[in-house]
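*Asks:* Sequence and predicted structure, then a few things I'm wondering about:
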Number of protein chains: 2
Amino acid sequence: MKAPLHIIKIGGRLINDPKSLDAFLNAFQRVSTPKILVHGGGRKATELSALLGIETRMIDGRRITNKETLEVAVMVYAGLINKTIVARLQALDINAIGLSGADADTVRATKRPVREVDYGYVGDIERVADGALQALLNSGITPVLCAISHDGSGQLLNTNADTIAAQVAIALSTSYQVHLSYCFEYPGVLYDIDAPELTMSTISEGEFINMKTSGTVNSGMIPKLSNGFDSLKGGVHEVHVCGIDNLTTRDRATLLHL
Amino acid sequence: MKAPLHIIKIGGRLINDPKSLDAFLNAFQRVSTPKILVHGGGRKATELSALLGIETRMIDGRRITNKETLEVAVMVYAGLINKTIVARLQALDINAIGLSGADADTVRATKRPVREVDYGYVGDIERVADGALQALLNSGITPVLCAISHDGSGQLLNTNADTIAAQVAIALSTSYQVHLSYCFEYPGVLYDIDAPELTMSTISEGEFINMKTSGTVNSGMIPKLSNGFDSLKGGVHEVHVCGIDNLTTRDRATLLHL
């Protein structure tokens, strides 16, 4: 039987607030090892861009990453947020190591081809170095991955953290029984944003497709769920959407199934 | 006999210019493995601070690191510069991993005590995790260290890159025959800044002290040489000051001796 591995993705909103980040890190400490943390960006990149006078361009709700935006993303995601998290985990006696996709070649991507839209320096994942991650896990180290990948030719790229979590989970599922959790500001997938106490205990891919069609699923939820279903199809054992308080208990969390 | 290990520190001025950074990385590729790269900050942190309206405070030629300056240092050193270097090394087929001192607890420091001057978030190195670095080297990985350490209680700290190079070299000299090189914009220590073609082939600690007293040594040279002599006393096999073109040949480089 494969050994269990927990991969937890923490969303940007939880990172924005120092209190909720601390609460999350304390909850993450209680997750049994081996484990991997994947984090998103948070508001800081947008704030820094604004301070530097870099315009944030969105097309169909997706950010366009030009050279300046990429620099900011690398500074904030791989620098400030990643190292802040790693230093705090060290204080909680978790021997963490922060990684961009370039580090130990962990996440290699190709720049998204220009079709109708030129997304700029955005990378679609090509492969995950499961061997390198496994070697770290085997030495008792907890990898902390940020949303930056590279193309193998010297170019850093911006890559969605939900997708990184899913692709890392899939790659490691050949060696581990992978439990993937998307941790965000609610305890699970909501039926109704105005009734945040009521979460779905399970969600099937069919239900998800219906919710997308009817527009009853929140736009921030779509990448989590769609990457979650991809993970299940790719061999990941279990995928949950949950909050900080139920990260370990999974009480009121939403379990994905195909 | 101990296996050789090359530790190369690259200065900020070489990082500022993309052409010289590329030339350096190509030279670094030719250095035999195992090897470690330690990099300084460059102009980018000062530029970013200026853009953000953060005042750079200096006391006796030393930068004071307040909370905002530290954030910028973490973003630029551990984020932008470190990941740019790592991605380019990957393109040169060097499996690099970028590390701040918090990552895998590699460089732990204590915040410098306030005496006459409060340097702010500056760390004096307490210990280097030679075991973690050795494990990476043994798996064929090349660590790339930036000038950020941590205190083990969740606080990141700014630490001089010359000192990090020296302390890492000392820590690893129990297991390796360590060759430490301080690589900067001249081929070696100059007798006279106006005659840059003339380098000293060797320099003793006594000569260095005399040069400091007479004021004939450049201020940027002092931390390199003083850390270099510390390294020799700490068991490092060989310390050179050199440039990009003579990084591997050491032709015209300056060899330190006690």
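*Replies:* The structure has been received and is ready for your questions. These numbers were taken from a predicted model, which means no experiment stands behind them.
*Asks:* Please make it C-alpha for all contacts and neighbour counts, starting now.
*Replies:* Noted.
*Asks:* any idea how far chain B is from residue A:32?
*Replies:* According to CA to the nearest CA, to the nearest Å, residue A:32 and chain B sit 18 Å apart.
*Asks:* Please name the nearest non-neighbouring residue to that residue.
*Replies:* Using CA to CA, 6 or more residues apart in numbering or on different chains and skipping the chain neighbours, the partner closest in space to residue A:32 is residue A:6 (7.6 Å).
*Asks:* Test my guess that the one you found contacts residue A:182.
*Replies:* No: judged on CA atoms under 8 Å, residue A:6 makes no contact with residue A:182 at a distance of 11.0 Å.
*Asks:* more neighbours, those two?
*Replies:* Shown here are residue A:6 and residue A:182; by other CA atoms under 10 Å in any protein chain shown, residue A:182 has more neighbours (27 against 21).
*Asks:* show me the contacts for the more buried one.
*Replies:* Residues near residue A:182 by CA atoms under 8 Å, 6 or more residues apart in numbering or on different chains: A:8-11, A:162, A:224, A:239-242.
*Asks:* quick one: which two of those residues are the most distant?
*Replies:* Farthest pair in the contacts of residue A:182 (CA to CA) is A:11 and A:239. Separation: 15.5 Å.
*Asks:* dump the residue contacts of the residue in the stretch 51-200 of chain A that chain B sits nearest to.
*Replies:* In the stretch 51-200 of chain A, the residue that lies nearest chain B is residue A:79 (3.7 Å; CA to the nearest CA). Contacts for residue A:79 (CA under 8 Å, 6+ apart) come out as B:74-80.
*Asks:* Surely residue A:177 is in contact with residue A:237?
*Replies:* Yes: with contact defined as CA under 8 Å, residue A:177 reaches residue A:237; the gap is 5.7 Å.
*Asks:* Just the ones of the contacts of residue A:182 in strands?
*Replies:* A:8-10, A:239-242 (DSSP state E).
*Asks:* any low-confidence regions in the stretch 1-150 of chain A?
*Replies:* The model of the stretch 1-150 of chain A has pLDDT under 70 over residues A:61.
*Asks:* Contact distance from chain B - what residues of it qualify?
*Replies:* By CA under 8 Å from any CA of the partner chain, the residues of the stretch 1-150 of chain A that approach chain B are A:51-52, A:71, A:74-80, A:83-84, A:86-91, A:95-100, A:102-105, A:141, A:150.
*Asks:* need the strands for the stretch 101-250 of chain A, in chain order.
*Replies:* In chain order, the stretch 101-250 of chain A shows strands spanning A:107-111, A:123-128, A:142-145, A:148-150, A:156-158, A:176-183, A:202-204, A:238-242, with DSSP state E, counting those that start in this stretch as the criterion.
*Asks:* winner for burial among the ones you listed?
*Replies:* Per residue and on average, the most neighbours among these fall to strand A:148-150, with a mean of 33 (mean count of other CA atoms under 10 Å in any protein chain shown).
*Asks:* So residue A:128 sits against residue A:166, correct?
*Replies:* No: shown here, residue A:128 and residue A:166 do not form a contact pair, counting by CA under 8 Å, at 10.5 Å.
*Asks:* which SS state does the residue at the greatest distance from the centre of chain A fall under?
*Replies:* Here chain A reaches farthest from its C-alpha mean at residue A:53, the gap being 27.4 Å by CA atoms, centre = their mean. For residue A:53, the secondary-structure state derived from DSSP: H, G, I helix; E, B strand; the rest coil is coil.
*Asks:* Quick one: the helices in the stretch 51-200 of chain A, in order.
*Replies:* A:67-73, A:82-91, A:130-138, A:161-172 (DSSP state H, counting those that start in this stretch).
*Asks:* Can you say which of the strands of the stretch 101-250 of chain A is nearest to residue B:195?
*Replies:* Counting by CA to CA, residue B:195 lies closest to strand A:156-158 out of those; the figure is 40.1 Å.
*Asks:* Pull the residues that contact the closest one.
*Replies:* Counting by CA under 8 Å, 6+ apart, A:65, A:70, A:73, A:102, A:109, A:111, A:121-123, A:147-151, B:83-84, B:87 sit against strand A:156-158.
*Asks:* at 6 Å instead, please
*Replies:* Applying CA atoms under 6 Å, 6 or more residues apart in numbering or on different chains, the contact partners of strand A:156-158 are A:121-123, A:148-150.
*Asks:* try stretch A:193-209
*Replies:* Under CA under 6 Å, 6+ apart, the answer for stretch A:193-209 is A:188-190, A:254-258.
*Asks:* check which helix or strand covers the residue lying closest to residue A:72 once chain neighbours are set aside.
*Replies:* Once flanking residues are discounted, residue A:72 sits nearest to residue A:45: 6.2 Å by CA to CA, 6+ apart. Applying DSSP states H and E as the criterion places residue A:45 in helix A:44-51.
*Asks:* And that helix, what's buried?
*Replies:* For helix A:44-51, burial by neighbour count (16 or more other CA atoms under 10 Å in any protein chain shown) applies to A:44-46, A:48-49.
*Asks:* Which strand residues bridge residue A:238?
*Replies:* Using DSSP bridges, the beta-bridge partners of residue A:238 come out as residue A:179.
*Asks:* Relative to chain B, how far out is it?
*Replies:* According to CA to the nearest CA, residue A:238 stands 28 Å off from chain B.
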